[in-house]
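K.L.:
Quick check, what structure comes out for this input:
(chains A and B)
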There are 2 protein chains.
Amino acid sequence: MEQLKKYIEDNKDRFLEELFGLIRIPSISSLKEHKDDMQKAAEYWKDTILKAGADKAEILPTDGNPVVYGEKIIDETKPTVLVYAHYDVMPVDPIDLWNTKPFEPEIRDEKIYARGADDDKGQGFMHAKAFETLVKNDQLGVNVKFMIEGEEEIGSPNLGKFCEQNKDLLKSDIILVSDTGMMGEDTPTITTGLRGLAYMEVKVKGPNRDLHSGLFGGAVANPANVLANMIAKLEDDKNRITIPGFYDDVLEASEEERKEMAKAPFDLDNYKKELDLEEVDGEEGYSTIERTGIRPSLDVNGIWSGYIGEGAKTVLPAEANAKISMRLVPNQDHKKIARLFEDYFKSIAPKSVKVEVKELHGGQGYVAPTDTPAYQAASKAFADVYGKKAIPFRSGGSIPIISTFESILGTKSMLMGFGLESDAIHSPNENYPLKQFYNGIETITNFYRHYAEMNK
Amino acid sequence: MEQLKKYIEDNKDRFLEELFGLIRIPSISSLKEHKDDMQKAAEYWKDTILKAGADKAEILPTDGNPVVYGEKIIDETKPTVLVYAHYDVMPVDPIDLWNTKPFEPEIRDEKIYARGADDDKGQGFMHAKAFETLVKNDQLGVNVKFMIEGEEEIGSPNLGKFCEQNKDLLKSDIILVSDTGMMGEDTPTITTGLRGLAYMEVKVKGPNRDLHSGLFGGAVANPANVLANMIAKLEDDKNRITIPGFYDDVLEASEEERKEMAKAPFDLDNYKKELDLEEVDGEEGYSTIERTGIRPSLDVNGIWSGYIGEGAKTVLPAEANAKISMRLVPNQDHKKIARLFEDYFKSIAPKSVKVEVKELHGGQGYVAPTDTPAYQAASKAFADVYGKKAIPFRSGGSIPIISTFESILGTKSMLMGFGLESDAIHSPNENYPLKQFYNGIETITNFYRHYAEMNK
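P.N.:
Residues are numbered from 1 along each chain as shown, chains lettered A, B, ... in the order given. Alright, predicted model coming up:
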């Protein structure tokens, strides 16, 4: 254990420099102009895995961005861990809110500032370095496989098919993932649940061209006003979603479960202060933790129509658009919800407009068991480094592919995340504390040790 | 009369080429980067007026873009016409919807396609050419002054002060303006009313940064959802504006007035077909013409929040913005309405957000008399060219400065416009039929003739 810790300490600057190399590749999966960067990031990962000590690593094509696969098989009779991470990142706008360039990583206040610093280059890279640490010190006690994809931030549209086609290659006992967070920097957390997602884009079309709002205002339905009205109708005054059938498959948490959740260390005043909010807001009758952990939600992720430049333009816009996503709890089916949304959204449109609805992506929710060897190994590994027990946590986020792994590969995932709320993932000035990066490497290294021991 | 007509015919190609020179200057007043173009457009107008035969023309500074002033005083005892027009134009976005470049005028199907082709370079330029036609043929029977401003499209913020400071210089018997339209290409129209305008910009602020919609969705108020809700609350289900006190100063039209309005040549089926609409929509209990002519309205002119690029981004945006304008009828005060809007808008905001409201610009409505020498002269001039009587029309548009002229200079305006609905002013592919341009020059020339005769 001390030997491994020393190796990490001795190599920390190199680990960081190597991570920076990955971060500098602007691999934004949702923007076509970054197509070449996806390939570059995949190659960087391949080289990283090989240098760390894998028997082989290769870039496998999909219908979208390629998957990096690598492996080190020490003994066919030993258990196998499949590491999943993603090399793609979110877009960077609004770019003017960044204090430094998003793809030029910079250390300030002991934190790495960059797009992907946490999600998921920083967290993913910890696995490469934990693996390297074990291999270089001859302490790897299990087989390890890597599957690093490039489309997580756009909903992993091709990874399901990839898993179908490579079931044998991807066979493992547990899938290990660091793409979630901790409840606080001293509160190790194991994510035991994820929400599903149905992400829609809608367009409300009015007249066949932008009109002068003076000559036509009041006589022709304004698509921007109509869209606002339609969005307002998606939730009632108790912040419950009004789409008929939306809650049909939601499993209500028991009183006991809710009591258990209420024990989690959560400080509402601090939460509000940290976000600069006077009040939180959400579904009536539920606590903040419950609202993201066990309840579905509906958010406008983007809305645009008409003139959005400087000054005034008296236009009655021809159309209005919005991106609207719903977070779902386990047992809600994202395809069904997308259909219910579309039906309802079209039903509330006035005859004066035309409405288009499409699903941009979606995924099912997920629940993980806590009575498995992997959970025990993770729990011990966190205790080694943080000196305390990890808390099981139902996260509000979605990693749609996790439930796909379960349904296609038949394998559960172990969600050991080291992100912090203040990391601002998906936002300007995304960051990742150096402490989390190095603690993560050490914790993952210990996970392998404990997991191997349990399976001796 | 024939001599004037022949002069216009003989010089038509030159007139058009000179107009194109003005159009090619991208004088967008709402965008700072076009500051130099404003000066260029002003100089172009100054040269045009001088060459047309003015005694003098000069560029006078204001706190914003300059005003071009020119005059030809033939006899102090004769009446004076003050021509008002503007050399600034609207922005051109969405630029990708234009079939040709907005500042490279092109003739297609006997129409000039360009930003400003109608509003107000095409219409304004008719006055320069009508003036030239009279001067060059020694038939100018009244004094003429020109006041061409560069900030009409941003609400003429400095022209009121300019009028205050130049009352004597601008003294006239009637202000002549072509910045309105005709009800159809064979339906000469005199605009006898304009709506006022209160143009607001609002910002709804939530958390202090963009958040991950999975980790926070459902627990933190989403400013985009909140803004949609607030906009939805600005009108009721009968499309009546809900701002308390909003209708207090609206003068209801009498049954007789409404009957008179209903006689105007207006074909609803054609209106819907031309706009590609299945249904029109507006305040319950009023016809389409009434909805724009004698009733106020509220339109979202622009709305933006969150991720508006390609694909999906699961962001809970930190803020949401909208430009919202209200068209007002005469007797509604735009300053009072702006205050009522702000009070109401803030009052309906939940405590989970902060709201900012500002008025971008505003202006009062206007009503013109029909029993004046100017009206009679205009009526005859239209009849000369179109062979029929002009229809008095209450327009839904706003030219806020017209009511300012009345209050500061004490002078009424004569609104002789030649724009057509299909001109798509303020929109992509703005255009102006050559026929309107040449008929306009001829009609204006005749207006001067008749106006001079009446005042002999």
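K.L.:
quick one: contacts of the strand or helix carrying residue A:44?
P.N.:
Assigned by DSSP states H and E, residue A:44 belongs to helix A:35-52. By CB atoms under 8 Å, 6 or more residues apart in numbering or on different chains, the list of residues contacting helix A:35-52 from outside reads A:18, A:21-22, A:25-29, A:56-59, A:65-68, A:70, A:87-88, A:125, A:128-129, A:131-132, A:135, A:146, A:148, A:150. In short, each C-beta sits where N, CA and C put it, glycine included.
K.L.:
so of those residues, which ones are in helices?
P.N.:
Among the contacts of helix A:35-52, the members found in helices (DSSP state H) are A:18, A:21-22, A:125, A:128-129, A:131-132, A:135.
K.L.:
which one among those residues gets closest to chain B?
P.N.:
Comparing the ones in helices among the contacts of helix A:35-52 against chain B with CB to the nearest CB picks out residue A:125 as the nearest, at 20.1 Å.
K.L.:
can you redo the ones in helices among the contacts of helix A:35-52 as TSV with neighbour count?
P.N.:
What follows is these, written out as TSV (neighbours: other CB atoms under 10 Å in any protein chain shown):
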residue	neighbour count
A:18	20
A:21	14
A:22	22
A:125	28
A:128	27
A:129	27
A:131	26
A:132	24
A:135	16
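K.L.:
Now render the residues you listed as TSV, adding pLDDT and distance to residue B:361.
P.N.:
Converted to TSV, the ones in helices among the contacts of helix A:35-52 look like this (pLDDT from 0 to 100; distance: CB to CB, whole Å):
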residue	pLDDT	distance to residue B:361
A:18	98	55
A:21	98	52
A:22	98	50
A:125	98	53
A:128	98	57
A:129	98	58
A:131	98	62
A:132	98	63
A:135	98	68
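K.L.:
Tell me the spatial nearest neighbour of residue A:262, not counting adjacent residues.
P.N.:
Closest residue to residue A:262 apart from its sequence neighbours, by CB to CB, 6 or more residues apart in numbering or on different chains: residue A:287 at 6.8 Å.
K.L.:
List phi and psi for that neighbour.
P.N.:
Residue A:287 has phi and psi values of phi -80, psi 170 when expressed as degrees, to the nearest 10.
K.L.:
likewise the one 5 residues further on?
P.N.:
Reported as degrees, to the nearest 10, the phi and psi values for residue A:292 are phi -100, psi -20.
K.L.:
what do you get for residue A:326?
P.N.:
Dihedral angles for residue A:326 - degrees, to the nearest 10 - are phi -120, psi 130.
K.L.:
what residues are up against it?
P.N.:
For residue A:326, the contacting residues are A:197-200, A:241, A:296-299, A:337, A:341, taking CB under 8 Å, 6+ apart as the criterion.
K.L.:
just the residues you listed now: which is nearest residue B:419?
P.N.:
Looking at the contacts of residue A:326 and their distance to residue B:419, the nearest is residue A:200, at 39.9 Å (CB to CB).
K.L.:
Give the ranges of residues in chain A that sit below the confidence cut-off.
P.N.:
Low-confidence segments of chain A (pLDDT under 70): none present.
K.L.:
what residues go with each domain of it?
P.N.:
A:2-194+A:366-454, A:196-250+A:296-363 (automatic domain parsing).
K.L.:
what's the closest of those to residue B:308?
P.N.:
Going by CB to CB, the one of the domains of chain A nearest residue B:308 is domain A:196-250+A:296-363, 4.2 Å.
K.L.:
and the closest residue to chain B within the stretch 51-200 of chain A, what does it touch?
P.N.:
Distances between the stretch 51-200 of chain A and chain B by CB to the nearest CB are smallest at residue A:199, namely 4.8 Å. The contact partners of residue A:199, by CB under 8 Å, 6+ apart, come to A:155, A:301, A:323-326, A:359-362, B:312, B:314.
K.L.:
List just the nearest of those to residue A:163.
P.N.:
The closest of these to residue A:163 turns out to be residue A:155 (CB to CB; 14.6 Å).
K.L.:
Isn't residue A:435 up against residue A:110?
P.N.:
Yes. The criterion here is CB atoms under 8 Å, and residue A:435 meets it with residue A:110 at 6.8 Å.
K.L.:
Which one's more surrounded, these two?
P.N.:
For residue A:435 versus residue A:110, the count of surrounding residues by other CB atoms under 10 Å in any protein chain shown is larger for residue A:435: 13 against 9.
K.L.:
For chain B, what's its nearest residue on the stretch 1-150 of chain A.
P.N.:
Checking the stretch 1-150 of chain A residue by residue against chain B with CB to the nearest CB singles out residue A:30 as nearest, at 3.5 Å.
K.L.:
and that residue, backbone torsions?
P.N.:
Per degrees, to the nearest 10, the backbone of residue A:30 is at phi -80, psi -10.
K.L.:
Residue A:59: how many residues sit nearby?
P.N.:
A count of nearby residues for residue A:59, using other CB under 10 Å, gives 17.
K.L.:
check contacts around the residue in the stretch 251-400 of chain A that chain B sits nearest to.
P.N.:
Chain B sits closest to residue A:297 of the stretch 251-400 of chain A, with a gap of 2.8 Å, by CB to the nearest CB. Remark: with contacts taken as CB under 8 Å, 6+ apart, residue A:297 is in contact with A:241, A:282-283, A:291, A:326-327, A:396, B:213, B:217-219.
K.L.:
Restricted to strands, list those residues.
P.N.:
Secondary structure from DSSP state E places A:326-327 of those in strands.
K.L.:
which among the contacts of residue A:297 gets closest to residue A:185?
P.N.:
Nearest to residue A:185 among the contacts of residue A:297 is residue A:396, at 19.2 Å by CB to CB.
K.L.:
Spatially, what comes nearest to that closest one if we skip its sequence neighbours?
P.N.:
Taking CB to CB, 6+ apart, and ignoring the residues beside it in sequence, residue A:396 has residue A:292 as its nearest neighbour in space, at 2.9 Å.
K.L.:
isn't the one you found right up against residue A:393?
P.N.:
No. Between residue A:292 and residue A:393 there is no contact under CB under 8 Å: 10.2 Å.
K.L.:
Quick check: bridge partners of the closest residue to residue A:317 other than its chain neighbours?
P.N.:
Spatial nearest neighbour of residue A:317, chain neighbours left out: residue A:306 (3.7 Å); criterion: CB to CB, 6+ apart. Per DSSP bridges, the residues bridged to residue A:306 are residue B:302.
K.L.:
ok so, going back, distance from the chain centre to the helix holding residue A:44, please.
P.N.:
Computed by CA atoms, centre = their mean, to the nearest Å, the separation of helix A:35-52 from the middle of its chain amounts to 21 Å.
K.L.:
List the buried residues of that helix.
P.N.:
Taking 16 or more other CB atoms under 10 Å in any protein chain shown as the basis for neighbour counts, the residues of helix A:35-52 that come out buried are A:37-42, A:44-46, A:48-49, A:52.
K.L.:
Equivalent analysis for stretch A:10-21, please.
P.N.:
Neighbour count says stretch A:10-21 has A:11, A:15-16, A:18-20 buried, by 16+ other CB under 10 Å.
K.L.:
Kindly indicate which of these lies nearest residue A:381.
P.N.:
Each of these was scored against residue A:381 by CB to CB, and residue A:15 proved nearest at 18.4 Å.
K.L.:
Flag every residue of the stretch 301-450 of chain A that's near chain B.
P.N.:
Taking CB under 8 Å from any CB of the partner chain as the test, the list of the stretch 301-450 of chain A residues beside chain B reads A:301-317, A:320-323, A:325, A:327, A:350-352, A:354, A:360-361, A:395-398, A:421, A:424-429.
K.L.:
Please disregard the earlier target; I meant the stretch 51-200 of chain A.
P.N.:
Where the stretch 51-200 of chain A comes near chain B, counting by CB under 8 Å from any CB, the residues are A:90-91, A:93-94, A:97, A:153-155, A:181, A:195, A:197, A:199.
K.L.:
In chain A, which helix is the longest?
P.N.:
Secondary structure of chain A per DSSP H: the longest helix is helix A:434-454.
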